[in-house]
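Undergrad: Requesting a structural model of the entry that follows:
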Amino acid sequence: MMNIAQYLDSTYLKTPAQSGLSNEETLQLDKELAQEAIDNSIFAVMIRPDYVADIKKYIQERNSNVAVGTVIGFHEGTYSIDEKLAEASKAIEDGADELDFVINYSAYLKGDVESVKEEFIKCTQLGLQHQKVVKWIIEIAALTDEQIAGMTRNISTWAEDNLTENDLPNIFVKSSTGFYQTEGGKPNGATFKGIKIMLENAGKLLVKAAGGVRTPEDAEKMINLGVKRIGTSSAMALIKNESSSEGY
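TA: Have a look, this model is predicted:
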């Protein structure tokens, strides 16, 4: 049986306002997420920036190598480049191992490709300079198939043209935030069709499927397609060979 745990980013990204919990309660949930990851050899936890320092310390105190990831410009992606750089710098200072940026897909869809290219280059360089893994969320639910292909291809080209060959294994294109509001019950996370398009256009970059992977069978199928990481709030269900009908 495939070891799914090594591909998983176990995720909790609701703010206290979104969940109705206090900061302390949210931190406790993040600690429980981290402990589950430690106990089950899950690759990483993916949490909000405000909790990175505490969770990094929690994991280090337990002599674990579980990675700590966080989101930047989340979830709309419309933060300015300077705001994203500042948020990323603070996360790096707090000990984040991985930075998942939401690309400014709204600007991209309006034709402002140059500004999106600039944010990709500057933010990716910042992460790589500090030996961090950098992922770029393109929000496939907001895009047509052609736009998924075009944005993934652009990111791949920008990376190959502006970074070194050794940098490329540390850069991902990621499908979704899990927070995008779709209509008519359409999926807002990773789909097999969308992931196939990303894989076909990612070049030398890696692909992360985020959201919507709720059964072990789906996780294995994603991995067999070529996905290297899966973001999910159902990590334990996937590991226990169960299905999850809710969550990210």
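Undergrad: C-alpha only now, for contacts and for neighbours.
TA: Noted.
Undergrad: I'd assumed Asp9 was in a helix, is it?
TA: No: Asp9 is assigned strand when assessed by DSSP: H, G, I helix; E, B strand; the rest coil, not a helix.
Undergrad: got a pLDDT number for the most centrally placed residue in the chain?
TA: By CA atoms, centre = their mean, the mean C-alpha position of the chain lies nearest to Asp100, the distance being 4.7 Å. We have a pLDDT of 98 for Asp100.
Undergrad: what does Gly184 give?
TA: You'll see Gly184 listed with a pLDDT of 86.
Undergrad: what's the model's confidence in the helix or strand hosting Glu32, averaged?
TA: If you go by DSSP states H and E, Glu32 is part of helix 23-40. When pLDDT is averaged over helix 23-40, the result is 98.
Undergrad: Give the buried residues for it.
TA: Thr26, Leu27, Asp30, Lys31, Leu33, Ala34, Gln35, Glu36, Ala37, Ile38 (16 or more other CA atoms under 10 Å).
Undergrad: What is the nearest of those residues to Glu114?
TA: Asp30 (36.8 Å; CA to CA).
Undergrad: surely that closest one meets Ile47?
TA: Yes: counting by CA atoms under 8 Å, Ile47 is a contact partner of Asp30 at 7.2 Å.
Undergrad: Now the common contact residues for these two.
TA: Common contact partners of Asp30 and Ile47 (CA atoms under 8 Å, 6 or more residues apart in numbering): Tyr12.
Undergrad: Please determine how far Ile171 is located from Lys204.
TA: Ile171 sits 9 Å away from Lys204, going by CA to CA, to the nearest Å.
Undergrad: by contact count, what packs against the helix holding Glu32?
TA: If contacts are counted by 3 or more CA pairs under 8 Å, 6 or more residues apart in numbering; DSSP states H and E, helix 23-40 sits against strand 8-12, strand 44-47, helix 52-61.
Undergrad: Convert that helix to CSV, retaining C-alpha atoms only.
TA: Taking Å, rounded to 0.1, in the frame of the first residue of the first chain, the C-alpha atoms of helix 23-40 are listed here in CSV:
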residue,chain,number,x,y,z
ASN,A,23,-6.6,32.8,19.1
GLU,A,24,-5.8,30.4,21.9
GLU,A,25,-8.3,27.8,20.7
THR,A,26,-6.9,28.1,17.2
LEU,A,27,-3.4,27.7,18.4
GLN,A,28,-4.5,24.6,20.3
LEU,A,29,-6.0,23.2,17.1
ASP,A,30,-2.7,23.9,15.3
LYS,A,31,-0.8,22.1,18.0
GLU,A,32,-3.1,19.1,17.7
LEU,A,33,-2.5,19.2,13.9
ALA,A,34,1.2,19.2,14.5
GLN,A,35,1.1,16.4,17.0
GLU,A,36,-0.9,14.3,14.5
ALA,A,37,1.7,15.0,11.9
ILE,A,38,4.5,14.0,14.2
ASP,A,39,2.8,10.8,15.3
ASN,A,40,1.9,9.7,11.7
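Undergrad: From the rest of the structure, what touches it?
TA: 5, 10-12, 15-16, 42-45, 47, 51, 55, 58-59, 64, 66, 236.
Undergrad: Ok, stretch 133-153 next?
TA: Around stretch 133-153, the neighbours that count as contacts under CA under 8 Å, 6+ apart are 97-103, 105, 124, 127-128, 170-177, 180, 182, 187-190, 194, 197-198, 200-203.
Undergrad: Whichever of these end up buried, select them in PyMOL.
TA: Those of these that count as buried under 16+ other CA under 10 Å are selected in PyMOL with:
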select buried, resi 97+98+99+100+101+102+103+105+124+127+128+170+171+172+173+174+175+176+177+180+187+188+189+190+194+197+198+201+202+203
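Undergrad: what's next to stretch 112-128, contact-wise?
TA: Against stretch 112-128 from outside (CA under 8 Å, 6+ apart): 81, 84-85, 88-89, 92, 99, 103-105, 107-108, 133-134, 155, 158-159, 162-163, 167, 170.
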